[in-house]
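Enquirer: Show me how the following folds:
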Amino acid sequence: MPFACTLIDVRTGLKEIIFALAMPLLTLQMTSLVAQEAPTLSANPPAQATPPPSNGGFFPLSQVRRGMKATAWTVFSGTQPEPMDVEILGVLKGARGPGHDMILAQLHGAKPEYTGVVAGMSGSPVYIGNQLLGSLSYRIGQFSKDPIAGITPIEQMLEVRDLPFLASPAPDVSSTVSRSNTLESPAPTASSATSSNLQPMETPLVMSGFSPEAVRLWQQQMAGTGLEMVAAGGGSSASSSNFDPASAATVLPGSAVSLQLVRGDLEMAATCTVTYVDPKQLLACGHPVLQAGPVSLPMTKSEVLATLASPLNAFKIVNTGATIGAFTEDRDSAIRGIFGEQAKMIPVHIAVQSPSGTRKLNIEVLDLPSLTPQVLMIAVFQTLQTSNSNTAESSYHLTGNIDLNGGATPEAPFDLWAGSGEQLPAPMQTALSVADRFNRLYANNTRQNAVRQVDLSVEVIPHRVQVELESARLISSNIVHAGESLVVEATLRPWQQPSRNVRIPITLPGRLTTGTLRLLISDAGTLDRTLNQPRPPGHTSNVDTEMTLARRQHPADRIYISILAPDTQAGIAGQTLTALPLSMANALETQRATQDVSLNGESAETLADAPATGVLSGFQILNLHIEPGGSF
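Expert: Predicted coordinates for the structure are as follows:
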């Protein structure tokens, strides 16, 4: 027992000796670690609670010198702007164009050095002291290790502030004359330039409610425009699109704001940072977003959920917030927003009817000829793509109207079919057809009335609807008389179903003269092309002609019987005139190059039609011999 106690005492003594010897070494190591960490902590103080300065005036570009210290403000998380240190590297003369200089700077601090230059940071205000120098707007290269950015001088941004304000800018249709009848992507903006390593910071686009397939289609359409970058984020939780004065009062230099291209059940919004604020307006971005000049787009406050660091694609993850006004200018050096202003949007209503019920989608889209058709296309595609009734075999029948000027003028109808088994999937084919038809009116250089509303109804058919015209024949001799009644029998073959015969009675016009007459049995497309001859290359029909053609389009799910008489036919402003006298045809010949006039050597006249129980394709021509002795 005494031996055991002695052993314990010895062990306890050894522990105390070892601890006493180790303490100086541990103390030395801890002191060294604190000494190493101290500079880092002191160089990166916690974010300041005070807001960025807003009334210290403006710092002149002429006084900018290399080595100056500045402070930039942006939101990394939440809604409160945070400061970051900025070192001025110099001024790049003419970097943004003749007479448009740019200030080159490097960002310092734990957050900017970790995230680098972030998409959505454009517009972040930079101050020397309390004076506003400009906004962080440009980045250098794609995989830069150093957070070096270009600053748009505030002097150039203030030019946008001082532009006269038009409450309701007229739609710019003249800029799209060359592509008024075709759907194309808008012209590349400055952000798509690849000839220089100096490029505008991307404006991340949040697409809320869109499927990955719809996002990919949008990126394909927008490739090269600066709007193809889609970032993570969500739509507005606000229940109303009306002006929210309380939210507007909280906007500071450095706050995140968004301009909405689409709002409602779907949302599409681009986010950047506020540079300058006064009681009536703000300036943001420091570079163009759409480069559209006068615009009318909803302006919302935004919340930054997180800032994603990536050497390839760093961006802010945002939720759009309450409406605080409208953006009215999208210029080279800034975008301008007016507090309390109401944006002019186009309401779009889409109803999808399927065996499982009716699903409705209500949105508002921007009113801008270079983008609205693409936005409408992606909305229709999204609506069809995410329907539970959508399958690989589904077909779609889309009807609806484009309301010009609130019903003061006749509406332009839609009647489009898209079936599976075509070159493109049926949802995409439907969306592209809608956008093309809409674009023919919306981007027409003769349109003067505003587009007030678009209403679309889509019937989902859970099978293929293609029907082929196999053959056609007369149920009698082909020797006939004028005014005589005949029966035409057509053989139709639906997709993967037995062929069936359809008998269609017709009565020949009593005015027909003796000789050979051609009888056209056809689908709607063939008949429309026969009645409306193609215009000369490069000729653009005016908006009235396009509306008339849309109203006179024949439904695609019927079979048509027409005669092709050997008389002159003219198409004038979408109307078809048959059996023209030779003198009138000669007078119209001189107007073909300059007016909506077409001439054809045969006159087509529809005698009868019948249901085809599907979308018919094909045509056949029968020759009739008119004998004398008929009724006149």
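Enquirer: who touches the closest residue to N439 other than its chain neighbours in this structure?
Expert: Distances taken as C-beta to C-beta, 6 or more residues apart in numbering place P373 nearest to N439, at 4.2 Å, with adjacent residues excluded. Placement of C-beta: from N, CA and C, glycine included. Residues in contact with P373 (C-beta atoms under 8 Å, 6 or more residues apart in numbering) are 183, 435-436, 438-439, 442-443.
Enquirer: what are the phi and psi values for P373?
Expert: Dihedral angles of P373 (phi, psi; degrees, to the nearest 10) stand at phi -60, psi -40.
Enquirer: Against R440, how distant is it?
Expert: 9 Å (C-beta to C-beta, to the nearest Å).
Enquirer: The residue nearest to N439 and R216, how far apart?
Expert: 18 Å.
Enquirer: ok, how many other residues are close to A249?
Expert: 11 (other C-beta atoms under 10 Å).
Enquirer: Return the per-residue confidence for it.
Expert: For A249, the model assigns a pLDDT of 90.
Enquirer: any idea how far it is from G90?
Expert: For A249, the distance to G90 - C-beta to C-beta - is 38 Å.
Enquirer: same check, this time on V467
Expert: 71 Å.
Enquirer: L61 too?
Expert: Distance from L61 to G90, by C-beta to C-beta: 12 Å.
Enquirer: who has more neighbours, these two?
Expert: Legend: neighbour count by other C-beta under 10 Å for L61 and G90, higher for L61 (17 against 14).
Enquirer: Go ahead and confirm the more buried one touches P153.
Expert: Yes. Contact criterion C-beta atoms under 8 Å: L61 and P153 qualify, at 4.5 Å.
Enquirer: Return every residue with contacts to both of the two.
Expert: 101, 103.
Enquirer: For the residue nearest to R331 when sequence neighbours are not counted, give me its contacts.
Expert: Leaving aside its chain neighbours, R331 sits nearest to V160 (4.7 Å; criterion: C-beta to C-beta, 6+ apart). V160 is in contact with 283, 329, 331, 333-336, counting by C-beta under 8 Å, 6+ apart.
Enquirer: How about I128?
Expert: 59, 68-70.
Enquirer: can you do 7 Å?
Expert: For I128, the contacting residues are 59, 68, 70, by C-beta atoms under 7 Å, 6 or more residues apart in numbering.
Enquirer: what's the average pLDDT for the strand or helix carrying R529?
Expert: For R529, the element it lies in under DSSP states H and E is helix 524-531. Helix 524-531 shows a mean pLDDT of 87.
Enquirer: Next: stretch 329-338.
Expert: 94.
Enquirer: can you list the weak-confidence ranges in the stretch 501-632 of the chain?
Expert: Under the criterion pLDDT under 70, the flagged ranges of the stretch 501-632 of the chain are 533-540, 567-602, 630-632.
Enquirer: If we use 80, what do you get?
Expert: 531-546, 548-549, 565-604, 629-632 (pLDDT under 80).
Enquirer: Let me see the ranges of the strands in it.
Expert: 515-522, 558-565, 568-572, 575-580, 597-600, 603-611, 615-617, 619-627 (DSSP state E, counting those that start in this stretch).
Enquirer: who does the second one pair up with?
Expert: Right, the one you point to is strand 558-565. As defined by DSSP bridges, the strand partners of strand 558-565 come to strand 515-522 (antiparallel), strand 603-611 (antiparallel).
Enquirer: repeat for the last one
Expert: Strand 619-627 pairs in its sheet with strand 479-481 (parallel), strand 515-522 (antiparallel), by DSSP bridges.
Enquirer: What ranges does the chain have for its helices?
Expert: Secondary structure of the chain (DSSP state H): helices at 2-43, 110-115, 154-161, 212-221, 245-249, 372-385, 426-442, 524-531, 543-552, 582-589.
Enquirer: Give me the contacts around stretch 287-298.
Expert: 122, 137, 152, 166, 169, 189-190, 200, 203, 241, 259-261, 263, 270, 323, 326-332, 335, 343-344, 366-368, 370-371.
Enquirer: any idea how far it is from the chain center?
Expert: 14 Å (C-alpha atoms, centre = their mean, to the nearest Å).
Enquirer: Going by neighbour count, list what's buried in it.
Expert: By 16 or more other C-beta atoms under 10 Å, the buried positions in stretch 287-298 come out as 287-292, 294-298.
Enquirer: How many residues are close by the nearest residue in space to A565 that is not next to it in sequence?
Expert: In this structure, A565 finds its nearest non-sequential neighbour in S603, 4.7 Å apart by C-beta to C-beta, 6+ apart. Using other C-beta under 10 Å, S603 has 21 neighbouring residues.
Enquirer: Quick one: end-to-end distance for stretch 381-391.
Expert: 14 Å (C-alpha to C-alpha, to the nearest Å).
Enquirer: Residues in contact with it: which ones?
Expert: In contact with stretch 381-391 (C-beta under 7 Å, 6+ apart) are residues 210-211, 213-214, 217, 266, 350, 352, 354-356, 359, 361, 396, 427-428, 430-431, 458, 460, 462.
Enquirer: Throw together a PyMOL command that grabs the buried residues out of those residues.
Expert: Selection command for PyMOL covering only the buried members of these, criterion 16+ other C-beta under 10 Å:
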select buried, resi 210+214+217+266+350+352+354+359+361+396+427+428+430+431+458+460
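Enquirer: where along the stretch 251-400 of the chain do the strands fall?
Expert: Counting by DSSP E, counting those that start in this stretch, the strands of the stretch 251-400 of the chain are 256-264, 267-277, 281-284, 293-308, 315-330, 335-339, 345-354, 357-366, 395-404.
Enquirer: Reformat the ones you listed as CSV; add distance to E82.
Expert: Formatted as CSV, the strands of the stretch 251-400 of the chain follow (distance: least, C-beta to C-beta, whole Å):
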stretch, distance to E82
strand 256-264, 12
strand 267-277, 12
strand 281-284, 17
strand 293-308, 10
strand 315-330, 12
strand 335-339, 22
strand 345-354, 33
strand 357-366, 31
strand 395-404, 47
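Enquirer: From Q553, how far off is I506?
Expert: 22 Å.
Enquirer: now L198
Expert: Counting by C-beta to C-beta, the gap from L198 to Q553 is 50 Å.
Enquirer: now swap in P373 and tell me
Expert: Distance from P373 to Q553, by C-beta to C-beta: 19 Å.
Enquirer: same deal with I338?
Expert: I338 is 42 Å from Q553, by C-beta to C-beta.
Enquirer: likewise R447?
Expert: 19 Å.
Enquirer: now swap in L404 and tell me
Expert: L404 is 17 Å from Q553, by C-beta to C-beta.
Enquirer: Now for the most centrally placed residue in the chain: which residues touch it?
Expert: In the chain, the centroid-proximal residue (C-alpha atoms, centre = their mean) is V375; its distance is 3.1 Å. Contacts for V375 (C-beta under 7 Å, 6+ apart) come out as 261-262, 268, 365-366.
Enquirer: Leaving out chain neighbours, which residue sits closest to it?
Expert: In space, V375 is closest to V365, 4.8 Å off (C-beta to C-beta, 6+ apart).
Enquirer: can you tell me which residues contact that neighbour?
Expert: Applying C-beta under 7 Å, 6+ apart, the residues near V365 are 262, 345-346, 348, 372, 375-376, 379.
Enquirer: which of those residues lies closest to V488?
Expert: Using C-beta to C-beta, the shortest approach to V488 within the contacts of V365 belongs to L376, at 40.4 Å.
Enquirer: check contacts around the closest one.
Expert: L376 touches 348, 365, 434-435, 438, 454, counting by C-beta under 7 Å, 6+ apart.
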